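Participant: I would like to see how this sequence folds:
(2 chains, ligands or ions: 2)
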Amino acid sequence: MDNERISPRQAAFLKEHRRHHHLVAFLRFLAFFLFLVLWEVSAALHWIDAFIFSSPSRILQTILDMGKDHTIFRHTGITLYETLLSFVLVLLISFLTATVLWFSETVSEILEPWLVILNSLPKSALAPLLIVWLGANTGTIIVAGMSVAVFGSIISMYTAFRDTDEEKIKLIYTLGGNRMKVLQCVVIPSSIPSIISILKVNIGLCLVGVIIGEFLAAREGLGYLIIYASQIFKLNYLITALIILCIIAFGLYQAIQKLEHHIRKTRHL
Amino acid sequence: MTPLLEVSHVCHAYHTLTGETAALSDLTFSVEEGEFFVIVGPSGCGKSTLLSLLSGLIPVEEGTIRLSQSPLAGHQTKIGYMLQKDHLFEWRTVYRNVVLGLEIQKKETPENVEHVEQMLKDYGLFAFKDSRPSELSGGMRQRAALIRTLALDPSLLLLDEPFSALDYQTRLNVCDDVYKIIKKEKKTAILVTHDLSEAVSMADRILILSKRPAKIRRILPVHFSDETMTPMQRRQAPEFKDYFNEIWKELNTDGQ
Ligand SMILES: Nc1ncnc2c1ncn2[C@@H]1O[C@H](COP(=O)(O)OP(=O)(O)OP(=O)(O)O)[C@@H](O)[C@H]1O
Ligand SMILES: [Mg+2]
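Facilitator: Ligands and ions are numbered 1, 2, ... in the order given. Below you'll find the model as predicted:
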């Protein structure tokens, strides 16, 4: 890894790698651009019904209109807020539950079948029940978001805790530690990579849950916008909402990946 | 002088759903202060079990173990246990690894920290105290693990095959280093190994165990003409071969 003296072959390899990288980036962009052009042209020439399929220019116009009256920010903001809140709550609840399960073998044996059943249940089926129980409000939507992720998250986190190297645990005991110290010094630090992958899964699931909740019980948010637009046949709105959802999902995932990168660097995992 | 450690009539069995595994049967021996006591035996005979009992990690069910004349109960701060692998945590620096025991027992006093830093200096790790364990060589890792154990200032050190994860070359050196460190810190040590030459090169006495359930076959005192020899020097001494052969015979004659 001498930066001073790169051999000609290494230089050629690096150049080839960069060239390939740029090519892929360019072709990606080109494909996307061609897709947009084709879409726009088809709509303009009436190959497809623009009323149903919309078109890039109409979507752009919709975004601008919604930007002007700030509705786009409100809907996006509320969905983002609900998703992040349910994500954080899922993290807290599953961490605490996994800790309790790890501390007590008996409790975990008792609860395990219930967790498995709840986790395999299609969570969208729970949403109507939640609305009846909790009313149609933001709280319900956050709970709906949590319900999709929380059971799987508990199971995965408990599994990660339990998979801790027995010998490392033994080391803490040889140094005079108790079970609490084992948790602090070995179990949690060594589970961090698993916890990060759990977070990556959770953020997507929370978004799904929040959208389901908004479909059923909201007056604002992207899920509401989608349902509303489909009912009054404003497909421009619907597709705009979908595109924003794509961006949100991508952005949230990227944020967690950044976090992962940061943790790996500072903790040398 | 009374011995530091007295083990009398200790038996131990593991209980599982598939049955009972007798691991130790009626062990009686004692270890003197300052002694280097080595335990050898066939693999799976119960050596690690014995060390776990001595360290208080598993409770004694039958027989008694006394340390400085008081019976063992639970974890003993006077006993340091060095496991087979170093288990240095990658998420801590070398220094934070070495003071792990002090941190756990809330004993990070200025004197103890001073002691640790002195050991890091003496044993060539001070320059690496802020590095990650992965940056250390195998031998350095083992020394770090030993310092972690010594930081709590135990009066008895238990070592469970501490060199088995190392390659042969490193192993000879680390064996020498560890021996010198233990002697310098004036510790009593019990070492488990199944490398017979390692046993002869380090031991004051060697306890030879039988196949599982482990019984004492023999306790062999080891004397070299020069008492101050290092393990490496012992390997070259004429007596070395004789002791080696004696243990070899003892382990391989199935005298029931
Ligand atoms: N937790 C346990 N539960 C049941 N049986 C066990 C347990 N630990 C060890 N044993 C059994 O007890 C016997 C002695 O184990 P021990 O680890 O003490 O042997 P050892 O002499 O240290 O072996 P090795 O040379 O492989 O390190 C083995 O047969 C092992 O299978
Ligand atoms: Mg063993």
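Participant: show me what counts as buried in stretch A:71-91.
Facilitator: Buried positions in stretch A:71-91, judged by neighbour count with 16 or more other CB atoms under 10 Å in any protein chain shown: A:72, A:75-76, A:78-80, A:82-87, A:89-91. (Each C-beta comes from the backbone N, C-alpha and C, glycine too.)
Participant: next, the residue in the stretch 151-256 of chain B positioned nearest to ligand 1: phi, psi?
Facilitator: Residue nearest to ligand 1 within the stretch 151-256 of chain B (CB to the nearest ligand atom): residue B:212, separated by 5.3 Å. With angles defined as degrees, to the nearest 10, residue B:212 sits at phi -60, psi 140.
Participant: so where do the helices sit in the chain?
Facilitator: Going with chain A. For chain A, the helices defined by DSSP state H occupy A:8-44, A:50-53, A:56-68, A:71-103, A:105-120, A:127-134, A:138-162, A:166-174, A:179-182, A:188-217, A:222-231, A:235-267.
Participant: wait, I meant chain B there
Facilitator: B:47-55, B:94-98, B:100-104, B:110-122, B:138-150, B:168-184, B:196-202, B:231-236, B:239-252.
Participant: before we move on, the earlier item: quick one: pLDDT of the residue of the stretch 151-256 of chain B closest to ligand 1?
Facilitator: Looking at residue B:212, its pLDDT stands at 85.
Participant: which parts of the stretch 1-150 of chain B sit against ligand 1?
Facilitator: B:14, B:16, B:21, B:23, B:41, B:43, B:44, B:45, B:46, B:47, B:48, B:49 (CB under 6 Å from any ligand atom).
Participant: same thing but 5 Å
Facilitator: Counting by CB under 5 Å from any ligand atom, the residues of the stretch 1-150 of chain B close to ligand 1 are B:14, B:21, B:23, B:43, B:44, B:45, B:46, B:47, B:48, B:49.
Participant: now rank those by neighbours and give me the top one.
Facilitator: residue B:46 (28 neighbours; other CB atoms under 10 Å in any protein chain shown).
Participant: how close does that residue sit to residue A:77?
Facilitator: Separation of residue B:46 from residue A:77 (CB to CB, to the nearest Å): 65 Å.
Participant: now residue A:67
Facilitator: Residue A:67 sits 13 Å away from residue A:77, going by CB to CB.
Participant: likewise residue A:179?
Facilitator: Between residue A:179 and residue A:77 the computed distance is 43 Å (CB to CB).
Participant: quick one on the thing from earlier: now the residue of the stretch 151-256 of chain B closest to ligand 1: closest residue in space that isn't a chain neighbour?
Facilitator: Nearest residue to residue B:212, sequence neighbours excluded (CB to CB, 6 or more residues apart in numbering or on different chains): residue B:45, at 4.7 Å.
Participant: could you do residue B:50 as well?
Facilitator: Among residues not flanking residue B:50 along the chain, residue B:24 sits closest, at 6.1 Å (CB to CB, 6+ apart).
Participant: contacts only, for the one you found.
Facilitator: Counting by CB atoms under 8 Å, 6 or more residues apart in numbering or on different chains, residue B:24 touches B:10, B:11, B:12, B:46, B:49, B:50, B:53, B:213, B:214.
Participant: how near is the fifth one to residue B:19?
Facilitator: In other words, residue B:49. Residue B:49 sits 16 Å away from residue B:19, going by CB to CB.
Participant: also the last one?
Facilitator: Distance, residue B:214 to residue B:19, by CB to CB: 18 Å.
Participant: ok, residue B:123 touching residue B:181?
Facilitator: Yes: with contacts counted by CB atoms under 8 Å, residue B:123 reaches residue B:181, the gap being 6.2 Å.
Participant: if we can go back for a sec, go through the helices of chain A and name the closest to residue B:70.
Facilitator: Between residue B:70 and the helices of chain A, the shortest separation by CB to CB is 19.7 Å, and it involves helix A:166-174.
Participant: quick one, the closest one and helix B:47-55 angle?
Facilitator: Counting by axes from the mean of the first three to the mean of the last three CA atoms, to 10 degrees, helix A:166-174 lies at 20 degrees to helix B:47-55.
Participant: so which elements touch helix A:166-174?
Facilitator: Counting contacts by 3 or more CB pairs under 8 Å, 6 or more residues apart in numbering or on different chains; DSSP states H and E, helix A:166-174 is packed against helix A:179-182.
Participant: residue B:118 and residue B:111: what is the separation?
Facilitator: Distance of residue B:118 to residue B:111, given as CB to CB: 10 Å.
Participant: when the two are compared, which one has more neighbours?
Facilitator: Neighbour totals were compared for residue B:118 and residue B:111, and residue B:118 leads with 12 against 9 (other CB under 10 Å).
Participant: for the more buried one, give me its contacts.
Facilitator: Counting by CB under 8 Å, 6+ apart, residue B:118 makes contact with nothing.
Participant: just to revisit the earlier point, any chance of the helices of chain A in JSON lines, plus mean pLDDT?
Facilitator: As requested, the helices of chain A are exported to JSON lines (pLDDT from 0 to 100):
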{"stretch": "helix A:8-44", "mean pLDDT": "94"}
{"stretch": "helix A:50-53", "mean pLDDT": "87"}
{"stretch": "helix A:56-68", "mean pLDDT": "92"}
{"stretch": "helix A:71-103", "mean pLDDT": "96"}
{"stretch": "helix A:105-120", "mean pLDDT": "92"}
{"stretch": "helix A:127-134", "mean pLDDT": "89"}
{"stretch": "helix A:138-162", "mean pLDDT": "95"}
{"stretch": "helix A:166-174", "mean pLDDT": "93"}
{"stretch": "helix A:179-182", "mean pLDDT": "94"}
{"stretch": "helix A:188-217", "mean pLDDT": "94"}
{"stretch": "helix A:222-231", "mean pLDDT": "93"}
{"stretch": "helix A:235-267", "mean pLDDT": "91"}
